[in-house]
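S.K.: Next comes the sequence, and after it the predicted model I'd like to discuss.
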Amino acid sequence: MAEPASDGGLSFHPMDQFIIKPLFGAAGDKVAWYTVTNLTLWMALAVVCVLGLFVLATRRRAIVPSRGQSVAELFYGFVYKMVEDVTGKDAVRYFPYIFTIFLFIFFANFLALIPMSFSPTSHIAVTAVLGFGVFFAVTILGFVKNGASFLGLFWVSSAPLVLRPILAVIEVISYFVRPVSHSIRLAGNIMAGHAVLKVFAGFAAVTAVAPVAVLGVVAIYGLEVLVSAIQAYVFTILTCVYLKDALHPSH
């Protein structure tokens, strides 16, 4: 919310919500790699939600599904069809990895919409681990499956011969930029949306613009619900595209 400033106005701190703080001890304590923080808490809660949906809600599976089983089957069928349609049937064996990424991002994004919560996917450190994990996984898989012919991904054989070396350089650069854009896209969209929400919530404390600010909060919150689902989808479908390049570099 907005706080009174020294000059009589209002002071907004929309980025304070992204500060990583230890759960135990003073707020200014040093955060080490083993420190339990608000970031680790909400990442753990995302994992718990995934386990709760796919373990607890589906342990009594039936032909006539319960609500929890129906939701789990909806998620499963949606991502499975995405992998099959984008990457091909030979990529179905990698479905568990892609499905895990989608579920973690999806639940982390939606848990962050709870008031007073924390958004793990707004931090580039989290999304970079996901993005570079996909990058290294598909690159290693590409060489394992295709050997040196995987390098054919960078050679545009359909282009004129004189342009092929130039295009090869461009393709190599764009390939190594993939994990950066993959991770920044997710973190940037989530961070921007939450920052805008905080600004509108701050303006709600100003009597003159409170009604407009409240309407703005509602509108931005609805947009963030959509963005949370879309960003999980975008990250996953790009993973499928990168996996397709690894399995079929000549296509």
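M.R.: Cool, got the structure. Residues are numbered from 1 along each chain as shown.
S.K.: switch to C-alpha atoms for all contacts and neighbour counts from now on
M.R.: OK.
S.K.: Over the top helix by length along the chain, what's the mean pLDDT, rounded is fine.
M.R.: With secondary structure taken from DSSP state H, the chain has its longest helix at helix 164-203. The average pLDDT within helix 164-203 is 91.
S.K.: What is it packed up against?
M.R.: helix 124-146, helix 210-247 (3 or more CA pairs under 8 Å, 6 or more residues apart in numbering; DSSP states H and E).
S.K.: Using CSV, lay out these together with distance to Phe176, mean neighbour count and mean pLDDT.
M.R.: Converted to CSV, the helices and strands packed on helix 164-203 look like this (distance: least, CA to CA, whole Å; neighbours: other CA atoms under 10 Å; pLDDT from 0 to 100):
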stretch, distance to Phe176, mean neighbour count, mean pLDDT
helix 124-146, 8, 17, 95
helix 210-247, 12, 18, 92
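S.K.: can you tell me which of the ones you listed comes nearest to Leu197?
M.R.: Closest to Leu197 of those is helix 210-247 (CA to CA; 6.0 Å).
S.K.: for the longest helix of the chain, which positions count as buried?
M.R.: Neighbour-count burial for helix 164-203, counted by 16 or more other CA atoms under 10 Å, picks out 164, 167-168, 171, 175, 178-180, 182-191, 193-203.
S.K.: mind checking how far it is from the chain centre?
M.R.: 11 Å (CA atoms, centre = their mean, to the nearest Å).
S.K.: Over to stretch 227-245?
M.R.: 9 Å.
S.K.: go on, stretch 111-128?
M.R.: 9 Å.
S.K.: do stretch 118-132 as well
M.R.: Worked out by CA atoms, centre = their mean, stretch 118-132 lies 7 Å from the chain centre.
S.K.: that older thread, dump the helices and strands packed on helix 164-203 to a markdown table, plus distance to Tyr97.
M.R.: Shown next, in a markdown table, are the helices and strands packed on helix 164-203 (distance: least, CA to CA, whole Å):
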| stretch | distance to Tyr97 |
| --- | --- |
| helix 124-146 | 9 |
| helix 210-247 | 10 |
